[in-house]
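Chemist: structure of the sequence below:
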Amino acid sequence: MKRSLVVVSNRLPFIININEDGEPVRTNSAGGLVTALAPLVIKHKGYWVGWAGNNFTETMKIPDSKDSTAIGHGIKPSQILPIFFTKETYQSYYSGFCNASLWPLMHSLPTLAVFKAEQWNSYVSVNEKFSAAAFEAVKKFDSYEDKNNLVWIHDYQLMVTPMMLRNLLDEANISCKLAFFLHIPFPSWDIFRLNPWANEMLLGLLGCDLIAFHTNTYAINFIECCYHILGSRIDKQEMLVEYGNKTIIVRALPLGIPYNWFEDTAKASPKPFHCKETIILGVDRLDYTKGIIHRARGYERFLEKYPECREKVVFFQIAVPSRTDVDDYRNLKDELEREIGRISGRFGTAEWTPIKYIYNNIPQYELAGYYRDARIALITAVRDGMNLVAKEYVACQIADPGVLVLSPFTGAGETMHEALLVNPLEQEMLADTIKNAYDMKYHERKLRMNALQTRERLFNLDTWRDSFFDAVDLIDSVKKMQSLNLYDFETWLDPLIRGYRLTVILDYDGTLVPIKPHPDLAVLSDEVKDLLQKLIDFKLVDVCILSGRSMENLSKMVTLRDINLAASHGMELKLANGIEEENEQAIIFKNKVPELAAELKENVCHYGGWIEEKKYHVTFHWRDTNPSLRPTMVQRAKEIIQKHGFQALNGHCTVEARPSIGWDKGRGVYNILERLHGVTWADNVRTIFIGDDETDEDAMRALAGLGITFRVGKPNIRTHASHRLPNPDAVKVFLEWAVEYAESKKKYYLSTPSERRSQGLVKRDRSR
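Modeler: Now for the predicted structure:
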């Protein structure tokens, strides 16, 4: 299928170095990502966005490839969109947030994670660069309407890029699918929430249409994070997340290897070992997640427990240098080398060295020979996204079959069941498993290895790539989540309101009614009015509408019996219990409103902008302004508002001038609840608050732990709300639930104990 494609990854498929003549040249990158994706970019004449290395500057041009054997040779300079940033930014973004914060956290090692706000800010700014470059690449597509258009974003360095890019595409009205693949583990929600910016990172990923992981475990972890941290609706059976008005597909698509290449290379690779002992092999990037020191100590226990195996085995540990500028990695190298020296000194003889250590990056062509001739492979990471070394070892077993010893804490461990699975943290178990592998007879070795090879040959790198594109192509046809229903609200709310009196506080515009071009057009539907009146008439739930409108206007728009009204963000009250009041401090600003409104009209009411004058507030509406002039007009409006002594606050396509008295909807909801239930309201009352814009966030913050809150509208904005609702129609569903809830409460109170049992009301009324 022909498609327009952009690949976005931290690094390009090559690094730019400077030759002796001072000219930039490509140095090809190795790895599965390049092997899998470079042919796609070439085939579809797509684009690749990434970093080209510190040596490449904005004054240079991407050179052509000089190496015709390189897998990315056919990618032309015009298909590359390089990202540039200073060494300081890269250090803060990559060495800082990516590797000091995310890497240990995602590998479920939170005590090693260090979080710093400035490094997070660097991460966000770098992701903005990637999203902007990807957007420029998309603008090169032949058609903006083609449903096959795809941007494929990769790995933990770019987890907030998708939503940034989605916002740019939506604003430009460009149709394009976004997909993301995470190459490392995704932890359980109780670990991921330790990230101070977990909310923003999950939001960033939910800009995608498809999010894929190596294993089902990681995929379920992500789905549960969305539920617990963002309050999303989820479907674990269908692997779906709903956030706002969008359904995101989540899939487990385990990465494979170019199996045939490794098998063929193993046939031609030179013999690496020149010793008679049985070879035990470990191949790892030097990283604390790989469990290399645990492995060395397990091998030590093996030699100690089974002395008959001494001088009959040699453990070759290949450690590929990694992040050599980071202290933790230098310390790890020093500790590993001390352990190897200690173990070799303890058991070694003049003729035999129990451990041979190679600290170097060995070419894949040579490494295939190491795999081929090793009788035992020790792959004992304490946590690993997949671990392709296990698969590469299996592919290279072309003669006398070896034994794969594998940690279940790797992604590979979830499918490679024929390996000997062992917990690497327990030395006794590891020692016994090594002995089991050493003693294993040919028939069992052959049986296990054949099964492993059959699977890895089938689920190879091509299969992974094809499966991903199959999932992308099915995005539009995959079953979406069921519409929001009463059961969703019952699940969310029943356990939290049990034993409390319920108070419901609702915003008006954008919550009970859709946003309209003019406030006077935002009229309650008959259905919503009927539901509200029914709920009020039960007298078991207190209902209040809290709006930024003036009381005069709100009373005109809402004419329900016994409704509680709170206008001007709660500075004006008109409650069903007879209380009517105005905030005394706000009255001072009442006389300033006409002068402020006049200056705003004179300066910013052009090209579609208009002013709404209220009792204590003035609102500048910029929804219909010229987009090119909008930032200037908004900034000018804020300057005028502040000059007159008001606060300038962003609303839904508005800038609101609010009295500078430290009042917001958070204080508003507290005031309402105190007037309805007294100062100890929190002892007996649970509050449900629903709103749709930034002014409502103050109420959501105030009610954290004291109530349940919902944010209505687009999912691309961070919220303090417990849950998201896509639109005012979902609020209507909530009102239907609330009416049913109040009705069941009334039946309960009016019935006798025997009637409650016979009608099932005791069981149904789980709120008691």
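Chemist: how about the nearest residue to residue 220, chain neighbours excluded?
Modeler: residue 236 (6.2 Å; C-beta to C-beta, 6 or more residues apart in numbering). Backbone N, C-alpha and C define where each C-beta goes, glycine included.
Chemist: quick check: the one you found vs residue 517, distance?
Modeler: 41 Å (C-beta to C-beta, to the nearest Å).
Chemist: return the residues in contact with the nearest residue to residue 136 once chain neighbours are set aside.
Modeler: Distances taken as C-beta to C-beta, 6+ apart put residue 81 closest to residue 136, at 6.4 Å, once the chain neighbours are dropped. Taking C-beta atoms under 8 Å, 6 or more residues apart in numbering, we find residue 81 in contact with 47, 48, 49, 133, 134, 136, 137.
Chemist: and which of those residues is nearest residue 326?
Modeler: Of all the contacts of residue 81, residue 326 sits closest to residue 49, with 25.8 Å by C-beta to C-beta.
Chemist: next, the buried residues of stretch 551-567.
Modeler: Residues of stretch 551-567 classed as buried by neighbour count (16 or more other C-beta atoms under 10 Å): 551, 553, 554, 557, 558, 560, 563, 564, 565, 566, 567.
Chemist: please, which helix or strand holds the third one?
Modeler: In this structure, residue 554 is located in helix 551-557 according to DSSP states H and E.
Chemist: counting contacts, what elements does the helix or strand just after that helix pack onto?
Modeler: Remark: after helix 551-557, the chain's next helix or strand is strand 564-567, criterion DSSP H and E. Contacts defined by 3 or more C-beta pairs under 8 Å, 6 or more residues apart in numbering; DSSP states H and E place strand 564-567 against strand 541-546, helix 551-557, strand 572-574, helix 665-677.
Chemist: where does the protein dip in pLDDT?
Modeler: By pLDDT under 70, the weakly predicted segments of the chain are 1, 30-32, 750-768.
Chemist: centroid residue for it?
Modeler: By C-alpha atoms, centre = their mean, the chain has its centre lying nearest to residue 202, at 2.9 Å.
Chemist: what sits against it?
Modeler: 225, 226, 229, 230.
Chemist: can you count the residues close to the third one?
Modeler: The number of residues packed near residue 229 is 17, by other C-beta atoms under 10 Å.
Chemist: does the spatially most distant residue from the centre of the chain lie in a helix or a strand, and which?
Modeler: What lies farthest from the middle of the chain is residue 350; by C-alpha atoms, centre = their mean that is 54.7 Å. Assigned by DSSP H and E, residue 350 belongs to neither a helix nor a strand.
Chemist: how close does it sit to residue 310?
Modeler: With C-beta to C-beta as the criterion, residue 350 and residue 310 are 14 Å apart.
Chemist: please apply the same query to residue 234.
Modeler: Going from residue 234 to residue 310 by C-beta to C-beta gives 54 Å.
Chemist: quick one: which of the two has more around it?
Modeler: Using other C-beta under 10 Å, the more surrounded residue of residue 234 and residue 310 is residue 234, with 23 against 15.
Chemist: hang on, the more buried one packs against residue 240?
Modeler: Yes: counting by C-beta atoms under 8 Å, residue 234 does reach residue 240; the two are 6.9 Å apart.
Chemist: hey, C-alpha coordinates of the helix holding residue 554 in PDB?
Modeler: The C-alpha trace of helix 551-557 is given here as PDB (Å, rounded to 0.1, in the frame of the first residue of the first chain):
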ATOM      1  CA  MET A 551     -26.800  36.800  38.500                       C
ATOM      2  CA  GLU A 552     -29.100  38.800  36.400                       C
ATOM      3  CA  ASN A 553     -28.200  36.900  33.300                       C
ATOM      4  CA  LEU A 554     -28.000  33.500  34.900                       C
ATOM      5  CA  SER A 555     -31.400  33.900  36.500                       C
ATOM      6  CA  LYS A 556     -32.800  34.700  33.100                       C
ATOM      7  CA  MET A 557     -31.200  31.600  31.500                       C
END
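Chemist: that one: how far from the chain's middle?
Modeler: Counting by C-alpha atoms, centre = their mean, to the nearest Å, helix 551-557 is centred 42 Å from the centre of its parent chain.
Chemist: likewise for stretch 165-174?
Modeler: Relative to its chain's centre, stretch 165-174 lies at 19 Å (C-alpha atoms, centre = their mean).
Chemist: got a list of contacts for that stretch?
Modeler: The contact list for stretch 165-174 (C-beta under 8 Å, 6+ apart) reads 131-132, 134-135, 138-139, 144, 151, 153, 175-176, 178, 207-208, 716.
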